[in-house]
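Student: What follows is a predicted protein model with its sequence.
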Amino acid sequence: MRKLRQRRLAVVLFVVGGATATLSLALLALQENVDLFYEPARVTNGDAPLGVPIRAGGMVVEGSVAHDREGLGVAFSITDHAGHEFDVYYVGLLPDLFKEGKGIMVRGQLTEDGLFKAHEVLAKHDENYVPHEIHDMAEAADLAGGAQVVGTEPS
Amino acid sequence: MDSARPMGWIKTTFHKTGSPRWFFTGARPWVVGLYVFGALLIVVGSTWGLGFVPPERLQGNSVRILFIHAPAAHLAEAIYVSIAIAGFVFLVWRMKMADMLIQAAAPIGFVVTVLALATGIIWGIPTWGTGWVWDARTVSTLLLAFLFFGLVALRQAIGREDRASRAVALLALVGVINIPIIKYSVEWFTTLHQPPSIVIGEKPAIAPVFLVPLAVNVLGFYCFVAGVVVAALRARIVEREAGTQWLRDWISKS
């Protein structure tokens, strides 16, 4: 009986280990396809294809948002806060959470002169939850500041 | 073996839990306790979260769905992990109770996952600007719902009960690979879904006004659904042990 259980245990561990290894390798190989959007660095270094529908994302550059005088056109830049930036032009309604300095994702086409013509803008709300009533700006900034810190180095 | 004695209670508990009779009779007060305690916490947490928490700085009132979405999503993963452990126990020790746990918990896990997906869609519309994107987090969670559904469907598709149990246990165990993918999808890949707000060892990115009712609801969801799972497990025991002497005795006594 004990032998039987040991054999079953070995088989089960082998199956699970094999499946895990297979899936890990598949995900590693497919990383690009599993990624939802191109990050700014990959847009500027030419990894992102031109003239085909793609998604790109990053943070809206502070002070870059310029609405057209007439119509719904809006231009802004997207950055990764690591020196990579690209310009976006979009005609349409922006989501409520679209704010300068905040994360967004755009869908559209990258043109040859490096302009991203978007036909959809989605807001990527971050992981920070701060009540509306915090008047202590230091505390709010502390919480909001965590957004950029998370994922790089815990401060 | 003397060396095994200090850990003897683990073995005893393991064997006792493996006995349908011991579990069936012993677990009854637990069901009521978990139902009452869980429901109480859910009522408190939800009323607090939906009615009394201040609006979020950027999301406004949309933030309130957090108090349903996050507990449901977290619980769905926890249910799957328990099912996978039960699958492992069944495959190695052929413990009937483990099989019954999978059978009892799979439909419940499906419902909880659908709740997480539905609230996620409702939340996405005002915040993201879309209800659904095919990013790694949403797709792996959708896969979790299919896995729960698959566990139910696979059992029904195989005629012989012992074979069905083994196939289901294997699927349950192998499917656990999806859990780390759900959890780390937001870190390994670029997604529209935000990274986790609560990371062990780091300061939570959720202000305490939101964190406390959230914690109440998470605990409430866990307790209440644990009660539902135990009740469903007792129902499975009645089904499979029908005709046994101890069950007849128990029924005539109560």
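Tutor: That came through fine.

Student: Wait, B:A167 touches B:L151, no?
Tutor: No - counting by Cβ atoms under 8 Å, B:A167 sits too far from B:L151 to count as a contact (9.7 Å). Quick note: C-beta positions are derived from backbone N, CA and C, even for glycine.

Student: neighbour-wise, which of those two wins?
Tutor: Of the pair B:A167 and B:L151, B:L151 is the one with more neighbours under other Cβ atoms under 10 Å in any protein chain shown, namely 25 against 16.

Student: State whether A:G101 is indeed within a strand.
Tutor: No - read with DSSP: H, G, I helix; E, B strand; the rest coil, A:G101 is coil and lies in no strand.

Student: Could you double-check that it lies in contact with A:S64?
Tutor: No - contact criterion Cβ under 8 Å: A:G101 and A:S64 do not qualify, at 10.0 Å.

Student: what comes up buried for whichever strand or helix holds A:E32?
Tutor: Using DSSP states H and E, A:E32 maps to helix A:31-34. Within helix A:31-34, the residues that qualify as buried are A:V34, counting by 16 or more other Cβ atoms under 10 Å in any protein chain shown.

Student: which residues are contacting it?
Tutor: Contacts to helix A:31-34, defined as Cβ atoms under 8 Å, 6 or more residues apart in numbering or on different chains, come from residues A:L27, B:A136, B:W188, B:F189.

Student: try it again with 10 Å
Tutor: A:26-28, A:38, A:42, A:47, B:134-136, B:139-140, B:181, B:185, B:188-191 (Cβ atoms under 10 Å, 6 or more residues apart in numbering or on different chains).

Student: Point out where chain A drops to low pLDDT.
Tutor: A:133-155 (pLDDT under 70).

Student: Packing partners of the longest helix along chain A?
Tutor: Secondary structure of chain A per DSSP state H: the longest helix is helix A:2-29. Secondary-structure packing of helix A:2-29 (3 or more Cβ pairs under 10 Å, 6 or more residues apart in numbering or on different chains; DSSP states H and E): helix A:31-34, helix B:66-93, helix B:161-174, helix B:178-188.

Student: Need the ones you listed in a markdown table (columns: distance to A:I54).
Tutor: Formatted as a markdown table, the helices and strands packed on helix A:2-29 follow (distance: least, Cβ to Cβ, whole Å):
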| stretch | distance to A:I54 |
| --- | --- |
| helix A:31-34 | 11 |
| helix B:66-93 | 29 |
| helix B:161-174 | 34 |
| helix B:178-188 | 20 |
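
Student: Deepest-packed of those, please.
Tutor: Burial of those is given as mean neighbour count (mean count of other Cβ atoms under 10 Å in any protein chain shown); helix B:66-93 ranks first at a mean of 22.
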